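**Student:** What would the 3D arrangement of this be:
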Amino acid sequence: MRIVQHSACTTCKVAGYCHAAESKEKMIDVYCDRATDYQVGQQVVVSTSGQVAVKALLWAFGVPFVLLMAVLLAVLLLTGNEGWAALGALAALVPYYALLWLWRDKMRQQLVFTIE
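**Tutor:** Okay, here's the model as predicted:
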């Protein structure tokens, strides 16, 4: 399914001159038992549960923030060097996001959109 995401100000008269008035096209997978009931181009309402939204937010922002802060503080306490602490904290995110990428198929099964 293709979704066009518009910013709130796309209908503004000066939207062509403003970078805040962006439009992005996104692709999502929607699983539905009655897929034959819908045609290409038909407008539908896509939703997900609150639990799925919380999981997505935790994986995308919560866990990386906690990891970043934990490594930052640990390296700062061990070395006393703020530069090394910052580099170590940023470097700690690389394996985390690599793991997310490796587990993307498993996560795709948990982060499900449905048609109302």
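
**Student:** from here on, contacts and neighbour counts on C-alpha atoms
**Tutor:** Noted.

**Student:** Now do Val71 against Ala85, distance only.
**Tutor:** Distance, Val71 to Ala85, using C-alpha to C-alpha, to the nearest Å: 7 Å.

**Student:** host element of Gln51?
**Tutor:** Assigned by DSSP states H and E, Gln51 belongs to helix 50-57.

**Student:** what stretches of this protein score poorly on pLDDT?
**Tutor:** 1-32, 35 (pLDDT under 70).

**Student:** quick one, longest helix in it?
**Tutor:** helix 82-102 (DSSP state H).

**Student:** Next, the buried residues of the next helix or strand after that helix.
**Tutor:** With elements assigned by DSSP H and E, the helix or strand that comes after helix 82-102 is helix 104-110. In terms of neighbour count (16 or more other C-alpha atoms under 10 Å), helix 104-110 has no buried residues at all.

**Student:** got a list of contacts for helix 104-110?
**Tutor:** Residues from elsewhere that reach helix 104-110, judged by C-alpha atoms under 8 Å, 6 or more residues apart in numbering: Val52.
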